[in-house]
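A.B. asks: Predicted model and sequence follow; I will ask about them next.
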Amino acid sequence: MIIDPNQLKKLVVDSGLVTSPDLDEIEKKSIKEGKPLGEALVSYGKITADDYRRMQSYILGIPFIDISSQKLEFEVLSLIPEPIARKHNIIAFRKRDDSLEVAMLDTADLSAIDFVKKKTGLKILPRLTTTDSMKSALIQYQKSLKADFGDIIQQEVSTLKGMNIARSVNIGIAGAEIAGGADGIVGTVDDTSGEDLRKLAEDLPVVRIIDTLLKHAILQGASDIHIEQMENEVVIRYRIDGMLHDAMVLPKNIGPSITARIKVLSNLKLDEKRLPQDGRFRIESNGENISFRVSVLPTSYGEKTVMRILRENMTGFTLEHLGFHGRNLELIHEALGYSEGLILTTGPTGSGKTTTLYTLLDILNQPDVNISTVEDPVEYQMNRVNQTQVKPEIGLTFASGLRSLLRQDPDIIMVGEIRDNETASLAINASLTGHLVLSTLHTNSAAGAIPRLVDMKCEPFLLVSTLRIIIAQRLVRELSSSKEKYILTTEQLDSLKKYGDTDKVLKSLKEEHIVAEDADWSNIYFYKPVPSQESEDGYKSRVGIHEVLKVSSSIKEMIMKGTASDQLQTQARSEGMLTMFEDGIFKAAQGHTSIEEILRVASSE
C-alpha cells in the first residue's frame, strides 16, 4: 500500500506538525537517501511514528484503533503465537464469525498477515494502532505466561520436597518467598562430591526449575540473573531496565543443585568451589537464540552465580530507537560517511555502548564492504560480518586479533573495547591506513576519551588525524504509558540549571519542532511515573541519553596543546553539543522519561 506523497504533504502541513520550509527540506533529503517521505519525517524527528500511522490510516482508509486500555480475551490473543506477535507487532484483538481483526504497526507486513491467515483460516482485517497499544497488548501475553511459570515452579519444588531435598515449601513469583527447612539431603557446598552434584544437576525437578527461571527472566526482559546463596536461603534476582528486583527466595538446600545444573550447562568444573569460574551456554526460546554468559564466584555461604542474558539475533534497532535525534543523529551519519577514521562510544559497563556499535555496523553492513570484528564476548550474531571472539588464555587478545584482522582485507573494523596501549595504537594505525574503525572506551564523558587515549601513549597528532566523533551515553528507564503530567515550578527549574543549560535544551526542542516556537518552560509538560498493571514502578524499557562530540578544527587545536577534558567539554558545548544531562531533559520534555530518572543517572556526570 503506497501513500501518495502529495496527499501526505498536504496532510502534514494542514495538521501544523511541520512547516512548509521544513517539509521541503526533508523531501529533498528523502529523495537523496531513497527513503519514502513519511519514513524520512519520522527518522528526522519531525513527526512521531504514531503521527505517521494516523496519517496512513486517514489516507489509506484503514481504521485506527487504541487497545491500550482493553483487556483482551486470551483465547483470541493466543490465536497468534507470542513470538510472531512480538516479532511482527501484530495482535489479534477481536474475532467475529469468519473474520479476525488484528492491530498492527505496519499493515504493509504482508508476510505476517499471510501467516495469521494460514494459521487461523480466518479473513484477516488489519487495523493500525499506536506503539503504546502494541506494548500493552504484548504485556498481556506475559501476564498469562507468568501464572503458568509460577505453577510449574510450584510443582517442581513440591517434587523436590518429596525427594527430601527441600521441606516445607511455600512458593510465589515476583518477590514471593519459598521457605524451607535447612536439613535436607544436600549438605553444605563444601561436603558434596562432584559426582553427587552431577546426579543432582541431572534430576528432572532441578532441570525444570532452571528452565523455568531462564524462561521467566527472558519473559521479563531481564539483562542479568543473580542467584545468591545466603545463610538460610537462596535469593534469585533479575536485573530489569537496569534495576535489580527480587524474583523469588528458595530453600538454601536447593542452592548447590541449581549451581551444579548451571555448571553442567556451562561446561564448568563441578567440584571446583574455591575459585571463580566463567562459562557460557545457549538456548533457543520462542525461535530466538539466547546466550547466557555465566560467572560463578565463591562467597561466605556458598557460590554466587550471575548470568548475563545476550540475545544473539540483533534486529530492529535504529539510531532513533536508541534515542539519537537532531544534531547528534546528523553528526553520526556524517561520520559513517567517511571511509576511514575512528568512531568511539564511551560509558560505564551496561550503558549500551555495544548495542550502539552494532547498530552502527548494521547501517554500514552493505554487500560492497568487508566488516570484521574482534569482541569479548560476541554478543550478537550479524549476517555477513566476520566476528572473532577473543581468548586471552591462548593468546588471542584484542591486540593480536586486531593485528590479524588487518591482514584480512577489511574495510570496516569493530574492536569490542580499547583496553590497553597496544590495542589503542593498532586501532589508530588501522584508521590511518584506510579503515573505518569503531570501538568502545571506559570514560565518563565524550571529552574524557581524549586524555584517556593520550594516557595510553597515543600521540596527539595521530588523534587529530583519525578521531571523527566520540559518543558518550547512559541508559535511563522509560516511562510506561501510565504517567502523570505536570509543569516545572520556578524552584525545580532553578535546580536543574545547576546541572545543565536549560536555555539550550529549550532552543533544541524548538529547532526539532518538539514544542512551539513561542513555548517556554511555563507551558511545557513533564511527566511522573504512575504504577499500573503494566508496570509496578511506572517504568518500562530503557532509552539512551547521549552527548556526541565532533572533533572539529578547534577541538583538534586543543588536543595538540594538551588541553584538559573540562576545557574540551566547554568548547564542544559552545559548538552546539548537548551534554548527557541536557539530552535527558530533552527526552523528559518529550515524555520519554522523568526528571527524577535523569537526576538519578546523569546529574553526577
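C.D. replies: Everything's here; your move. Numbering: from 1, shown residues only.

A.B. asks: so Leu310 makes contact with Tyr358?
C.D. replies: No - judged on Cβ atoms under 8 Å, Leu310 makes no contact with Tyr358 at a distance of 11.3 Å. To be clear about C-beta, it is placed using only N, CA and C from the backbone, and glycine gets the same treatment.

A.B. asks: Identify the contacts common to these two.
C.D. replies: 379-380 (Cβ atoms under 8 Å, 6 or more residues apart in numbering).

A.B. asks: mind listing what's buried in stretch 27-43?
C.D. replies: Buried residues in stretch 27-43, counted by 16 or more other Cβ atoms under 10 Å: 27, 30, 35, 37-38, 40-43.

A.B. asks: which of those residues lies closest to Ser57?
C.D. replies: Nearest to Ser57 among these: Gly38, at 12.2 Å, using Cβ to Cβ.

A.B. asks: That closest one reaches Leu11, doesn't it?
C.D. replies: No - proximity of Gly38 to Leu11 does not meet the contact threshold set by Cβ under 8 Å, at 10.2 Å.

A.B. asks: which residues do those two both contact?
C.D. replies: Met55.

A.B. asks: In CSV, could you pull the C-alpha coordinates for stretch 102-118?
C.D. replies: Taking Å, rounded to 0.1, in the frame of the first residue of the first chain, the C-alpha atoms of stretch 102-118 are listed here in CSV:
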residue,chain,number,x,y,z
VAL,A,102,-5.6,-7.6,14.0
ALA,A,103,-3.8,-4.5,15.3
MET,A,104,-0.6,-3.7,13.6
LEU,A,105,2.1,-1.1,13.5
ASP,A,106,2.8,-1.8,9.8
THR,A,107,-0.1,-3.0,7.7
ALA,A,108,2.3,-3.5,4.8
ASP,A,109,3.8,-6.5,6.6
LEU,A,110,2.0,-9.0,4.2
SER,A,111,4.1,-12.0,5.4
ALA,A,112,2.7,-11.6,8.9
ILE,A,113,-0.9,-11.2,7.6
ASP,A,114,-0.4,-14.3,5.4
PHE,A,115,0.9,-16.3,8.3
VAL,A,116,-2.0,-15.5,10.5
LYS,A,117,-4.5,-16.2,7.7
LYS,A,118,-3.0,-19.6,7.0
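
A.B. asks: how about CSV for the buried residues of stretch 27-43, with pLDDT added?
C.D. replies: Shown next, in CSV, are those (pLDDT from 0 to 100):
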residue, pLDDT
Glu27, 84
Ser30, 82
Lys35, 79
Leu37, 84
Gly38, 81
Ala40, 83
Leu41, 85
Val42, 82
Ser43, 78
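
A.B. asks: Would you format those residues as TSV with secondary structure and distance to Arg282 included?
C.D. replies: Listed next are the buried residues of stretch 27-43 as TSV, based on DSSP: H, G, I helix; E, B strand; the rest coil; distance: Cβ to Cβ, whole Å:
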residue	secondary structure	distance to Arg282
Glu27	helix	46
Ser30	helix	41
Lys35	coil	36
Leu37	helix	42
Gly38	helix	39
Ala40	helix	39
Leu41	helix	40
Val42	helix	35
Ser43	helix	34
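
A.B. asks: Relative to Thr212, which of these is nearest.
C.D. replies: Using Cβ to Cβ, Val42 comes nearest to Thr212 of the buried residues of stretch 27-43, at 39.5 Å.

A.B. asks: ok, now which ones touch the closest one?
C.D. replies: So Val42 contacts 48-49, 52, 320 (Cβ under 8 Å, 6+ apart).

A.B. asks: Could you pull out the buried residues of stretch 407-415?
C.D. replies: Here stretch 407-415 shows 410-415 as buried, counting by 16+ other Cβ under 10 Å.

A.B. asks: Could you give the average pLDDT over it?
C.D. replies: In this model, stretch 407-415 carries a mean pLDDT of 94.

A.B. asks: Next, the distance between the ends of that stretch.
C.D. replies: 15 Å (Cα to Cα, to the nearest Å).

A.B. asks: Over to the nearest residue to Pro63 once chain neighbours are set aside: give its phi and psi.
C.D. replies: Leaving out its chain neighbours, the residue that sits closest to Pro63 by Cβ to Cβ, 6 or more residues apart in numbering is Arg127, at 5.0 Å. Here the main-chain torsion angles of Arg127 (degrees, to the nearest 10) amount to phi -130, psi 140.

A.B. asks: Quick check: the gap between Arg127 and Pro298.
C.D. replies: Look at Arg127 and Pro298: by Cβ to Cβ, to the nearest Å, they are 56 Å apart.

A.B. asks: Please apply the same query to Lys269.
C.D. replies: 13 Å.

A.B. asks: Just want to know which of those two has more residues nearby.
C.D. replies: The neighbour comparison of Lys269 against Pro298 (other Cβ atoms under 10 Å) goes to Pro298, with 17 against 12.

A.B. asks: contact partners of the host helix or strand of the more buried one?
C.D. replies: Using DSSP states H and E, Pro298 sits in strand 288-299. With Cβ under 8 Å, 6+ apart as the test, strand 288-299 has contacts from 83, 214, 218, 228-229, 259, 262-263, 265-266, 268, 273-284, 303-313, 377, 379, 381.

A.B. asks: for it, which positions count as buried?
C.D. replies: Within strand 288-299, the residues scored as buried using 16+ other Cβ under 10 Å are 290-294, 296, 298.

A.B. asks: Then stretch 242-261?
C.D. replies: 242, 247-261.
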